[in-house]
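Asker: no FASTA, just this:
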RNA sequence: GGGCUAGUAGCUCAGCUGGCAGAGCAGCUGACUUUUAAUCAGCGGGUCGUAGGUUCGAACCCUACCUGGCUCACCA
């Protein structure tokens, strides 16, 4: 599912209402951002919110924060009865500055340094360009999350001449822009100033594709370009488009004006004084007659165990796809919705995954509880609002309605392993046992897949087990022979044993004086090759006596 | 050098634009028990980084400082 441009997605207002009314329930940070945006544009019929990322490397989970931040604010705006247009600008007219280490074709990439990433061939050979490869991977990955912006490719916009007016305005106001940037420099104590003959222009040679260019401007639509790399000279008519573009600091405010952007977040690298947002604010006002969008600065996301900022140029980057292998889409959204944008946090792949799922499940239950006018209502409301925003497709949660059945991650991991990862079989088990309504099966299977991925790829050794495929014969201590014999008899007598029936017999065994603490390790060893394991009755019922007996009998 | 941000319970974080410090996990106690860090009930736990200031009232606003993180200075 690639955004090929031209497709437009609208968020349909979920409810109508007076936008000036302040509903205390709408109290999430995305709600505050939405309110702020509406206050800045009180008469707008439609609000444009924007995200933008450079696909100069793997688009990772840190970049994702930009997108989810906009999506959540778009939802909040829609909840206020506003039409929202969510655009996503791929800054793929960027320069290839570094050779990505993890890519093949290192030689080709090295030769391509200085070219536009939209023109660098895809080293993996699966897409039209290096940029297109990164873009496709990301666009595909966010589909399951219910995020559907209108994707815009900067290189296509520039080449088609769409920004001709914007470029001309920048060139004609080059002095003003220089002054704005220089003023910001001085204010922050920077020593360097922009040269007096500097033009807000960048681009690529149309002969050799490199970005080492010199410009002169005729004051209207024509720019003369000289390539320092290959010596090529040409005159470019801005109206016809081509390979010229604005440098980042000017490109950003130009696009704000072009798209009438009212809200756009930024990473903290843009957020400081003298940084790009700061100067863009002045430029959009003085050159493009538009006001800077409402802004939320967001902090970085790391992956637990990797630490620090995620950089696309380093290896071991965690992307959305990787996260979705372990986190259900709604759980992932919920994580990002739960943290305020300006807090840094880590996506965990270790034991914390269990805790996060438990927290999420608890939040779901809390959100569905009926309100009772008590102190806890506020927590119920908060949980409800976060979950509404986190839901993959917009939905409202009615207090007092039945919560979906969610099987706890830990429990699921146990049963799933007993079933060797057979998700359908595990689902049948839960349905038959009455723990899972048939209606919640699809959701269950999605979670089960995540659990299994986690068990296989990330779970600590202690957590993993496999039922023996071949029996071993052990010298069973004298004291455990009797109990083992009894267990075998119990299983032989009841080939269709259930968890409950086995549980009852085990209880009887325990009451008859058997020391279960000493006995269980013997059984676990015979079945699993370890001295601890899932609850015995569950394990035996799921694996069935038919499978358990051959593993137990040889040691009698 | 400039800027931003964080510092709240052992840990991870809330604290809704000033109104009695809070959740989860961990810990402790008890109950129960068929043991992957089971379940249920209950309890304890914080000088809100430091020092001042504003206010009837400050975790929240102001000032200075300490510590950590990040970021900016013709790269997008």
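Answerer: Nice, thanks for sending it over. In this text the structure is predicted, and so the values were computed from the model without any measurement. Numbering: from 1, shown residues only, chains lettered A, B, ... in the order given.

Asker: need the contact list for residue A:133.
Answerer: Contacts for residue A:133 were tallied using CB atoms under 8 Å, 6 or more residues apart in numbering; they are A:122-124, A:126-127. Every residue, glycine included, has its C-beta placed from N, CA and C.

Asker: Please compute how far stretch A:165-179 lies from its chain's middle.
Answerer: Here the centre of stretch A:165-179 is set off from its chain's centre by 37 Å, with CA atoms, centre = their mean, to the nearest Å.

Asker: repeat for stretch A:352-361
Answerer: 17 Å.

Asker: Mind listing residues that contact it?
Answerer: A:304, A:326-327, A:331, A:334-335, A:348, A:406, A:408-410, A:413, A:454, A:458.

Asker: change it to 10 Å
Answerer: With CB atoms under 10 Å, 6 or more residues apart in numbering as the test, stretch A:352-361 has contacts from A:304, A:326-328, A:330-332, A:334-335, A:338, A:346-348, A:386-387, A:390, A:403-404, A:406-410, A:412-413, A:447, A:450-451, A:454, A:458-459, A:463.

Asker: Provide the secondary structure category for the closest residue to residue A:326 other than its chain neighbours.
Answerer: Among residues not flanking residue A:326 along the chain, residue A:454 sits closest, at 4.9 Å (CB to CB, 6 or more residues apart in numbering). Secondary structure, DSSP: H, G, I helix; E, B strand; the rest coil: residue A:454 is helix.

Asker: Over to the one 5 residues further on?
Answerer: In terms of secondary structure, residue A:459 is coil; the call rests on three-state DSSP.

Asker: Residue A:410 now?
Answerer: helix.

Asker: what sits against the residue nearest to residue A:326?
Answerer: A:325-327, A:349-351, A:353-354, A:357, A:409, A:413, A:416, A:463.

Asker: Of the residues you listed, just say which sits nearest to residue A:548.
Answerer: Checking those against residue A:548 with CB to CB, the nearest one is residue A:416 at 18.1 Å.

Asker: Out of the contacts of residue A:454, which comes closest to RNA strand B?
Answerer: Closest approach to RNA strand B among these (CB to the nearest atom of the strand): residue A:351, at 4.2 Å.

Asker: Can you list the residue ranges for strands in the stretch 201-350 of chain A?
Answerer: For the stretch 201-350 of chain A, applying DSSP state E, counting those that start in this stretch gives strands covering A:202-203, A:213-217, A:222-227, A:233-237, A:244-245, A:261-263, A:266-267, A:297-298, A:301-303, A:345-347.

Asker: From the contact counts, what lies against the longest one?
Answerer: In this case it means strand A:222-227. When contacts are defined as 3 or more CB pairs under 10 Å, 6 or more residues apart in numbering; DSSP states H and E, strand A:222-227 sits against helix A:164-172, strand A:202-203, strand A:213-217, strand A:233-237.

Asker: So what touches it?
Answerer: Residues outside strand A:222-227 that contact it (CB under 10 Å, 6+ apart): A:167-168, A:171, A:199, A:201, A:203-218, A:232-239, A:242-244.

Asker: what does the stretch 401-550 of chain A have sitting close to RNA strand B?
Answerer: Contacts of the stretch 401-550 of chain A with RNA strand B, taken as CB under 7 Å from any atom of the strand, map to A:413-414, A:417, A:460, A:462-465, A:503, A:506-507, A:510, A:516-517, A:519-521, A:532-538.

Asker: Inside helices: which ones of those residues?
Answerer: A:413-414, A:417, A:503, A:506-507, A:510, A:516-517, A:519-521, A:536-538 (DSSP state H).

Asker: which one of these sits closest to RNA strand B?
Answerer: For these, the minimum distance to RNA strand B (CB to the nearest atom of the strand) is 2.2 Å, reached by residue A:520.

Asker: Find the closest residue to RNA strand B in the stretch 51-200 of chain A.
Answerer: For the stretch 51-200 of chain A, CB to the nearest atom of the strand, closest residue to RNA strand B: residue A:189, 3.1 Å.
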